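In: Using only what follows, build the 3D model:
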Amino acid sequence: MKPPFWYETWLTWGSGSWAVSTGKGKLPLLKAGKGVLVLSLYGSLQTGKVLLFRGIQQAAQNRRGTNFMFFLKTLKQPKMCGFGFFSSALQMEDPIQLKEEGNKYFQASDYERAAESYTKAMKLNKDRALQAVLYRNRAACFLKKEEYAKAASDASRAIDINSSDIKALYRRSQALEKLGKLDQAFKDAQKCATMEPRNKNFQETLRRLGADIQEKLRIQFSTDMRVQKMFEILLDENSEKEKRERAANNLIVLGREEAGAERIFQNNGVSLLLQLIETKNTELVLAAVRTLSGMCTGHKARVSSLGCSLLLPCTWRMKNHSCSQCAHISLAVCNLLQTITDCLLGQGKEEHHGKEESLVLDTKKDLKMITMRLLDMLVSKNVSGQGRDRALNLLNKNIPRKDPKDHDNSRTTFVIDNGLKKILKVVGQIPEMPGCLPLTENTQLTASILLNKLYDDLRCDPERDNYRVICEEYIKSKIDPQNMDKTLHAIQMVSGVLQGPFDLGNKLLGMKGVMEMMVALCGSEREIDQLVAVEALIHASTKLSRATFIISNGITLLKEIYKKTKNEKIKIRALVGLCKLGSAGGTDYGLRQFAEGSTEKLARQCRKWLCNTSIDARTRKWAVEGLAYLTLDADVKDDFVEDEQALQAMFELTSDKTILYSVASALVNCTNSYDTKELVPELVQLAKFSKQHVPEEHPKDKKDFVVKRVKRLLKAGVVSALACMVKADSAILTDQSKELIARVFLALCDDPKDRGTIVAQGGGKALIPLAVEGTDVGKIKASHALAKIAAISNPDIAFPGERVYEVVRPLVSLLNTERDGLQNYEALLGLTNFSGRSDKLRMKIVKEGALPDIENYMFENHDQLRQAATECMCNLVVSKEVQERFVADGNDRLKLVVLLCGEDDEKVQKAAAGALAMLTAAQKKLCSKMTEVTTQWLEILQRLCLHDNMEVQHRGLVIAFNLISASKELAKKLVESELLEILTFVGKQEDDPKKQHVINAARDCLTKCMDYGLIKPLSRA
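Out: Got it, this is the predicted structure:
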């Protein structure tokens, strides 16, 4: 049964207004086109209340077959509204109303919301003429938002509907001009001028575009001629050398400019550049490669069209020879391939080139092709060691995911399926054996790092199992008891995997016959067998918990080899193995593996080999490897830092990138910058009672000894060595190595007196990349070291030029509740120092989102944190943007500063009063707002003006002067309070040079009050 006052009625309209026939007369609603609609209304028409059902329409023929009825299916809850609001409830469904709304937004310069309104109207509109207007209007919004490609597209759609739409034509002309398509823009402007010949705006646009086109043609013609002339000179073998060099340099510059790169591309320049690459002239090859690199930067469409044609000659050039000139070519080609890869992956420099945005470019095929070429290079005998290193570095940099949140690891799985065996072949090479691939000292370690990165990039156990199965099957295929050379390669592969994904390497050690074969090789009479086996034993004993077999059996084997062999290379490796096993107890003084004094003897022998320059560098680096483990013993590290010759020898060896981790480990041990567990006294007593082992600290690991070691390292030039290590542009400088270096830097920065030395030797510059890239722990340590330097150093000296702006983000990252109080405090000190330098630095701090964090620390209970945060805010309020945040409604920033002025802590008071003085001087609105934020404001101000500290008192008097100057009403409020007596007392004091600034401030307040007529001079009273 229908409810009372139910009406099921026709709603009919023509070209006029909508109306509802209810039996009570017609109610006008809104304008629309033709149609029929049924609304179900119920309620009381006398009270003007109805229920509106909104939904989708369905057509059905009525019984008489003469009309169509549209029934509304209810999609939402019925909306209660009065007849007065009926049209407003429906108007959002009307495109005309939405268009008008968009026009209002446009007039108010809210182009984003205007565009949204026009877009909604387009979806609802069926009228072609109105659709053209909507497209035209949205084009105007996009022009204002500087989205010129979208503006041109919308204007074109409007013109498709109405070819004589002069506004749409002109807007498309404007958009095309901004996109650099001057000839098309000129045609549209010409049409506009034809339609309205007297329009001065169109005529001026035509003149301007005509001049621009002429200039563009002139430049283009001259550029084409220049490009052609350059190639003629370069390809002519009889040209003068000087001319060819100048042409080559000009071509590189041209390739870096968008206009020049496009002209080269359009004028068959790529094929000519490829001809140059095929020549034997090193300078020409370099010029061609660098020009191509400039052309490919940030241009995905161009890279996609060039990719395949460039790949073969480029990778061929990466293979070639190891002379110094060819090394330059190899590096240039490597940079080109990196540029191409960055572009295909959408990384690096991004540029927009008009229609390119609408193209859907499938880059996966090109990326796979590049990857396959690089993988093929790994096992090619025609590739030089440096070329192989370049290929490995490119794979290391581009294959694993940069962000773990990215779920797509298809590049990694592709490399594992198609190239894992090739990488294993590289790590399994033995340089001393015939038929070995050309290698550098970095090649195999770089390959091990790639294995580790690929393994870490896998997302699930099935993917890891697939990785393990491929490794096991490949290694099993190499183990042959009848062929020791082949087996030796298998053991070398296991050794290489142990330097990469150790967990996987440990599983490979458990394969049947692997460990037995290692032991058998140790007893072999062939030196090469012993060499490979000893290295494998060293890498297998990395973790104490997983090296029980090695510890129980390996020490005897290594001692036997060390005593019997006469080969220095084997002897030193056996010694390193003993060092590693001897340090298995870590820093625990109670877990020494060897007898008293044995560890020191091993260390002395390592230092002796390290300083012996007659031994080859590859053998000497094993001495550093041994010291990296032995320096866990405090006696060893104390002796090592005293041996300046050994330190210098180690620093000199850092040019060998494979040694970076070992050097960093030794320095971490010497500075005690590793993590230590804090022992709870109660648990120690409990462990002793239950006869459990309790870690013991070596007496020489106390604070005093550590400080002495740090001083010795600084004197030996450790900062310069660390700075050189950070510069290593290689995959071998892993995130773990960066973390170790950051730990050392933090330990070196501990004493403020040493920070100047660290800055002078390049430590400040070296820390910036460590704070940006690496492990989370490493970035925090590096950021903390930067904060220590920034807190007390002159930023212009410590971080000259634009480098200072790079330091802000690491400092802001320390303003986090997860960081400890010292990190928070020193970061605030650094930001305070920076914010006092320039407005640009203040803006950078605000842009990095530091302001809310600084405000949070102003609430801290810790006095020093609150003080540091308030001082930082005192410097930041000089910025207009920060002042505007204080002026904005709905925040308690000003209240917090006023209340801090009333704190008992004098330093907090001084900083807060300084901030308040600057705020009230810069923004008069804050003067009146200050009196509203808290009822205690007057009492706090009076306390400031009577403060014992003259600096605080002066700031209080300046605040009073600002309030008095702001308005007569505020001045009257202050005069009627006890503040007048305070001002009179201070102002009447005799002149005193020590506090003259305070007296003058009080007198200025009194003078301003007299100007208002609120007080009179005593003589007139």
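In: Could you report the separation of K779 from I741?
Out: 12 Å (C-beta to C-beta, to the nearest Å). Any C-beta I mention is one placed from the backbone N, CA and C, and that applies to glycine too.
In: Got the domain ranges for the chain?
Out: Per the TED database, the structural domains of the chain span 95-219, 228-349, 368-511.
In: This structure: strands as residue ranges?
Out: Using DSSP state E, the strands of the chain run over 7-13, 17-21, 26-31, 35-41, 49-52, 55-61, 68-74, 79-82.
In: Can you check which residues contact both of K779 and I741?
Out: Common neighbours of K779 and I741, using C-beta atoms under 8 Å, 6 or more residues apart in numbering, are L770.
In: and those two? which has more neighbours close in?
Out: Between K779 and I741, counted using other C-beta atoms under 10 Å, the more crowded position is I741 (28 against 20).
In: From what I see, that one and A666 are in contact.
Out: No. Assessed by C-beta atoms under 8 Å, I741 is found out of contact with A666, at 11.9 Å.
In: List the residues that are in contact with both of those two.
Out: Counting by C-beta under 8 Å, 6+ apart, nothing touches both I741 and A666.
In: what's the pLDDT at H321?
Out: Per-residue confidence (pLDDT) for H321: 47.
In: just A971 next, same as before
Out: At A971, pLDDT is 92.
In: isn't it right up against F961?
Out: No. Using C-beta under 8 Å, A971 is not in contact with F961, being 9.9 Å away.
In: Find the residue ranges of the stretch 651-800 of the chain scoring beneath the pLDDT cut-off.
Out: Low-confidence segments of the stretch 651-800 of the chain (pLDDT under 70): 677-696, 729-730.
In: Show me the helices in it, by range?
Out: 660-671, 681-689, 703-715, 718-726, 735-748, 755-760, 763-772, 776-792, 795-798 (DSSP state H, counting those that start in this stretch).
In: so which of these comes closest to M372?
Out: Between M372 and those, the shortest gap by C-beta to C-beta is with helix 735-748, which sits at 27.3 Å.
In: Which one of the helices of the stretch 651-800 of the chain lies nearest to Q184?
Out: helix 763-772 (43.7 Å).
In: all helices for the stretch 851-1000 of the chain, in order.
Out: 851-857, 863-876, 880-887, 893-900, 906-922, 924-933, 937-945, 950-966, 968-975, 979-987, 996-1012.
In: got those helices as JSON lines, with distance to F186 columns?
Out: Shown next, in JSON lines, are these (distance: least, C-beta to C-beta, whole Å):
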{"stretch": "helix 851-857", "distance to F186": "49"}
{"stretch": "helix 863-876", "distance to F186": "51"}
{"stretch": "helix 880-887", "distance to F186": "42"}
{"stretch": "helix 893-900", "distance to F186": "54"}
{"stretch": "helix 906-922", "distance to F186": "50"}
{"stretch": "helix 924-933", "distance to F186": "51"}
{"stretch": "helix 937-945", "distance to F186": "65"}
{"stretch": "helix 950-966", "distance to F186": "57"}
{"stretch": "helix 968-975", "distance to F186": "62"}
{"stretch": "helix 979-987", "distance to F186": "71"}
{"stretch": "helix 996-1012", "distance to F186": "64"}
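In: Make CSV from the ones you listed and add distance to T413 and mean neighbour count to it.
Out: What follows is those, written out as CSV (distance: least, C-beta to C-beta, whole Å; neighbours: other C-beta atoms under 10 Å):
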stretch, distance to T413, mean neighbour count
helix 851-857, 40, 18
helix 863-876, 48, 24
helix 880-887, 48, 16
helix 893-900, 52, 22
helix 906-922, 56, 24
helix 924-933, 60, 17
helix 937-945, 66, 21
helix 950-966, 65, 23
helix 968-975, 71, 17
helix 979-987, 75, 18
helix 996-1012, 72, 18
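In: nearest to T599, of these?
Out: For the helices of the stretch 851-1000 of the chain, the distance to T599 is smallest for helix 863-876, at 42.7 Å, taking C-beta to C-beta.
In: anything in contact with each of A971 and F961?
Out: With C-beta under 8 Å, 6+ apart, A971 and F961 have common neighbours K1008.
In: Pull the distance from stretch 191-208 to the chain's centre.
Out: Distance of stretch 191-208 from its chain centroid, counting by C-alpha atoms, centre = their mean, to the nearest Å, is 48 Å.
In: First-to-last residue distance for it?
Out: 15 Å (C-alpha to C-alpha, to the nearest Å).
In: Counting neighbours, which bits of that stretch end up buried?
Out: Neighbour-count burial for stretch 191-208, counted by 16 or more other C-beta atoms under 10 Å, picks out 191-193, 202, 205-206.
In: Let me see the mean pLDDT of it.
Out: Per-residue pLDDT values over stretch 191-208 give a mean of 87.
In: one step back: looking at the helices of the stretch 651-800 of the chain, which is nearest to M873?
Out: Of all the helices of the stretch 651-800 of the chain, helix 776-792 comes closest under C-beta to C-beta, at 16.5 Å.
In: related to what we said a few turns ago, possible to save the domains of the chain as JSON lines with distance to A1002?
Out: JSON lines is the format used below for the domains of the chain (distance: least, C-beta to C-beta, whole Å):
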{"stretch": "domain 95-219", "distance to A1002": "47"}
{"stretch": "domain 228-349", "distance to A1002": "59"}
{"stretch": "domain 368-511", "distance to A1002": "60"}
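In: For E871, find the nearest of those.
Out: Per C-beta to C-beta, nearest to E871 of those: domain 368-511, 36.6 Å.
In: Show the pLDDT at the nearest residue to L944 once chain neighbours are set aside.
Out: Excluding the flanking residues, the one nearest L944 by C-beta to C-beta, 6 or more residues apart in numbering is G956, at 2.7 Å. G956 is assigned 93 on the pLDDT scale.
In: With G84 instead?
Out: pLDDT, read off for G84, is 38.
In: So what's the residue count around K738?
Out: Counted with other C-beta under 10 Å, K738 comes out at 25.
In: can you check D127 too?
Out: That count, for D127 with other C-beta under 10 Å as the rule, works out to 13.
In: Looks like L458 contacts S410 (just checking).
Out: No. At 11.7 Å, L458 does not count as touching S410 under the criterion of C-beta under 8 Å.
In: neighbour-wise, which of these two wins?
Out: Taking neighbours as other C-beta under 10 Å, L458 and S410 compare with L458 leading, 19 against 12.
In: Next, give phi and psi for the more buried one.
Out: Phi and psi for L458, reported as degrees, to the nearest 10, are phi -80, psi 150.
In: thinking again about what came up before, report the two of the buried residues of stretch 191-208 separated the most.
Out: Once C-beta to C-beta is applied, the buried residues of stretch 191-208 give K191 and T205 as the farthest pair, at 11.6 Å.
In: Centre-most residue in the chain?
Out: V772 (7.1 Å; C-alpha atoms, centre = their mean).
In: hang on, that one packs against P810?
Out: Yes. Between V772 and P810 there is a contact under C-beta under 8 Å: 7.1 Å.
In: so what sits against both of those two?
Out: K779.
In: and the gap between K880 and Q923?
Out: Distance from K880 to Q923, by C-beta to C-beta: 9 Å.
In: Output the longest helix belonging to the chain.
Out: In the chain, assigned by DSSP state H, the helix with the most residues is helix 200-235.
In: That one: how far from the chain's middle?
Out: Offset of helix 200-235 from its chain centre (C-alpha atoms, centre = their mean): 40 Å.
In: Would you mark the buried spots in that helix?
Out: Buried-residue list, helix 200-235, by 16+ other C-beta under 10 Å: 202, 205-206, 209, 223, 226-227, 230-231, 233-234.
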